[in-house]
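S.K.: please find the sequence and the predicted model below.
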Amino acid sequence: MVARTDIGLRRDNNEDAVSILPHAQPWPLAVLADGMGGYNAGEVASAMATSLVTSAMQSVNAKTARCNTPHARRQLRQALDDALHLANTAILTAARDTPGCKGMGTTVVAAALLPGLMVLAHLGDSRAYGWRRGRLHRITRDHTWLQEEIDAGRMQDTQARHSSLGHLLTQALGVSEEISPDFNEWPLQAGDRILLCSDGLTDMLDDSALAALFAEATPLPVLLTTLLAAANAAGGHDNISAALIEIQAPVR
């Protein structure tokens, strides 16, 4: 795993946060968040999200966590759900009680690994992609008004990319007492590469541009640098964050 966050070229502060724990117990974990709110408040929300989710996941007592069984998968999904609900409550409380933090919130995407399987949970428009055998697959679905319009057939992807309403979120941490995270599973194969990213990357680079960079087959740290540099070269309108995971050995 490698990860980095960049302020971009247009912002005065960085409201993204990213954390990777490749050796965490009971599950290797990566968490990325993109905050929103008043000056510095988004930064607070995203930092809380990554910190609380990683802490909660590592506090789980899961004796069968390193097995890819139906019970272990259910246990992992429940742990992710509990961690996101805990973070949501904490961010809501901080927004209510902390001067300057009213209205803050954050997207979040979290990936946890079992042998042969990645389990994802997300809220908002930070995304997860999988790269396998020369193809880039978008794994998550954005929680945005535009995505709902696309799903309903009222708008095309190309139209959505040029809409000024692209960041009207329908779900996020810290904006409502009720959240409904989406969960996705990705069966892992040797050679897979996984990308978690904020919209500062995907607003600047569409899926075909991302795929072209993955196709260069550079080492993971080089790919990470290339992704952030390409987003800045395309304008760097927002903070840019990415976490990359590579499955190097045969998956058992």
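M.R.: Thanks, I have it. What you see is a predicted model, and the numbers here were worked out from it, not measured in a lab. Numbering: from 1, shown residues only.

S.K.: in the protein, which strand has the most residues?
M.R.: Using DSSP state E, we find that the single longest strand of the chain is strand 105-114.

S.K.: CA atoms of that one as PDB?
M.R.: Taking Å, rounded to 0.1, in the frame of the first residue of the first chain, the C-alpha atoms of strand 105-114 are listed here in PDB:
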ATOM      1  CA  GLY A 105     -18.900  16.700   7.000                       C
ATOM      2  CA  THR A 106     -16.800  14.400   4.900                       C
ATOM      3  CA  THR A 107     -16.900  11.700   2.300                       C
ATOM      4  CA  VAL A 108     -15.300   8.400   3.200                       C
ATOM      5  CA  VAL A 109     -14.200   5.200   1.400                       C
ATOM      6  CA  ALA A 110     -12.700   2.400   3.400                       C
ATOM      7  CA  ALA A 111     -11.100  -0.900   2.100                       C
ATOM      8  CA  ALA A 112     -10.400  -3.900   4.400                       C
ATOM      9  CA  LEU A 113      -8.700  -7.100   3.200                       C
ATOM     10  CA  LEU A 114      -9.500 -10.700   3.800                       C
END
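
S.K.: off-centre distance for it?
M.R.: Chain-centre distance of strand 105-114: 5 Å, with Cα atoms, centre = their mean, to the nearest Å.

S.K.: any idea of the mean pLDDT in that strand?
M.R.: Here strand 105-114 scores 97 as its mean pLDDT.

S.K.: what's downstream of that strand, the next helix or strand?
M.R.: The helix or strand immediately downstream of strand 105-114 is strand 117-123, counting by DSSP states H and E.

S.K.: list the contacts of the residue most central in space within the chain.
M.R.: Centroid-nearest residue in the chain, with Cα atoms, centre = their mean: Val109, separated by 2.9 Å. Remark: with contacts taken as Cβ atoms under 8 Å, 6 or more residues apart in numbering, Val109 is in contact with 31-33, 120-122, 124, 126-128, 140, 196. Every residue, glycine included, has its C-beta placed from N, CA and C.
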